[in-house]
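Engineer: pasted the sequence and its predicted model underneath.
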2 protein chains.
Amino acid sequence: MPTPIETVSDFCATFHEAGGRPAVRRWFTPETRWVNEGVSVTTGTDEAIAMIDGLETSMGISTVHIDMLAIAADGPRVLTERLDRFERADGSEIGRVMIMGIFKLEGDKIVEWRDYFDVTAVQKFSKG
Amino acid sequence: MPTPIETVSDFCATFHEAGGRPAVRRWFTPETRWVNEGVSVTTGTDEAIAMIDGLETSMGISTVHIDMLAIAADGPRVLTERLDRFERADGSEIGRVMIMGIFKLEGDKIVEWRDYFDVTAVQKFSKG
C-alpha cells in the first residue's frame, strides 16, 4: 500500500494526462468530495469529470500540469502547495496559479480534495 | 528549540491577542515575507503591523481567532489548514473563512508566511 504522500504525489504527477480524467477515475471513489473553495463542489467521479468537461468547454482548459512545491502528511491527510499550469489543447498556456490543497485518503483512494487559491486570478486569465 | 510545527502552533494560538501584533513582533524577522495570495504582500514586522492596523481601520477587524484544522511539516516548511474567525473589538463576529497557509521557519522565527483563501468571501463579509 502506498503512503498517503505517495498516492497524492502520483495523482498530481498523473493529472496532466487527458485533463485529469484517468487520475480521477483511478483515485476517486463514488463519494469523493472535491472542493474548489469559492468556486465549486463535486461529489464522486462522474460529477468531477463533468466539471472537467465543463472547464474545457467554458475556458478551453485541456490539461493541467501540477508542479509540487511542498507536500507533508498529517496522518491520512496530505497538505500541498503547488503551481498549477493550465494549457489549451495545442499546448499553449492559459495561465498558472499558486494553490494550496488538502487531500484526505482512505487506503489508496482520495476521499476528499479541497483546493484554495486566488479565484480572481483564475477569473482574470479565463478572460484574457 | 521548538520544532517548526510547535512554533507555528504557538504563533497561531497566540494570534488572537491584540490583533496579532505581539505574535508578529515575537516570531517575524525584519525580512519576513507575509503574502495573502491575491490581496497583499508585506516585508518585515513594521509593514505587517501597518497592514493589521489598516485592516482594523478599513474592516473593523480587531481580532483573528485561528482554529487549526490540519498541520504537517515538510522540513522547515509547515503546511496548515485553518478556520480563521474575524471579530470586532466588542467580540462580535465579522466573518469566518477556511484558509490554507504555508510557513517557512529559520530556527524559531517565521521567515515566510503565505496564505491562500477565497478572497471574494472576505470581500463579501467586509461589506456585510
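Structural biologist: Perfect, thanks for sending it.
Engineer: give me the beta-bridge partners of residue A:65?
Structural biologist: Here residue A:65 sits in beta bridges with residue A:85, as judged by DSSP bridges.
Engineer: now do the longest strand seen in chain A: which elements does it pack against?
Structural biologist: For chain A, the longest strand by residue count, based on DSSP state E, is strand A:93-106. Contacts defined by 3 or more C-beta pairs under 8 Å, 6 or more residues apart in numbering or on different chains; DSSP states H and E place strand A:93-106 against helix A:4-14, strand A:77-87, strand A:109-116, helix A:119-127, strand B:93-106, strand B:109-117. The C-beta positions use only the backbone N, C-alpha and C, and glycine is treated the same way.
Engineer: redo these as TSV? Include mean pLDDT.
Structural biologist: As requested, the helices and strands packed on strand A:93-106 are exported to TSV (pLDDT from 0 to 100):
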stretch	mean pLDDT
helix A:4-14	98
strand A:77-87	97
strand A:109-116	98
helix A:119-127	77
strand B:93-106	96
strand B:109-117	98
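Engineer: closest to residue B:57 out of these?
Structural biologist: Minimum separation from residue B:57 across the helices and strands packed on strand A:93-106 (C-beta to C-beta) falls at strand B:93-106, 13.6 Å.
Engineer: can you pull the residues of chain A lying near chain B?
Structural biologist: Chain A has residues A:37-39, A:70-74, A:77-81, A:98-102, A:114, A:116-121 near chain B, with proximity defined as C-beta under 8 Å from any C-beta of the partner chain.
Engineer: quick one: contacts of stretch A:101-108?
Structural biologist: Outside stretch A:101-108, the residues that touch it by C-beta atoms under 8 Å, 6 or more residues apart in numbering or on different chains are A:1-2, A:4, A:7-8, A:11, A:27, A:29, A:76-80, A:82, A:110-116, B:70, B:81, B:100.
Engineer: from the chain's centroid, how far away is the longest strand of chain A?
Structural biologist: Averaging C-alpha positions (C-alpha atoms, centre = their mean, to the nearest Å) puts strand A:93-106 5 Å from its chain's average.
Engineer: swap in stretch A:103-111?
Structural biologist: 14 Å.
Engineer: using PDB, write down the CA coordinates of it.
Structural biologist: The C-alpha trace of stretch A:103-111 is given here as PDB (Å, rounded to 0.1, in the frame of the first residue of the first chain):
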ATOM      1  CA  PHE A 103      -6.300  15.600   0.400                       C
ATOM      2  CA  LYS A 104      -7.800  13.000   2.700                       C
ATOM      3  CA  LEU A 105      -7.000   9.400   2.000                       C
ATOM      4  CA  GLU A 106      -8.800   6.200   2.800                       C
ATOM      5  CA  GLY A 107      -6.400   3.400   1.800                       C
ATOM      6  CA  ASP A 108      -5.100   4.300  -1.600                       C
ATOM      7  CA  LYS A 109      -8.200   6.300  -2.500                       C
ATOM      8  CA  ILE A 110      -8.700  10.100  -2.300                       C
ATOM      9  CA  VAL A 111     -12.000  10.700  -0.400                       C
END
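Engineer: in the lengthiest helix in chain A, what's buried?
Structural biologist: Identified as the longest helix of chain A according to DSSP state H is helix A:44-59. Within helix A:44-59, the residues that qualify as buried are A:44-45, A:47-49, A:51-52, A:55, A:59, counting by 16 or more other C-beta atoms under 10 Å in any protein chain shown.
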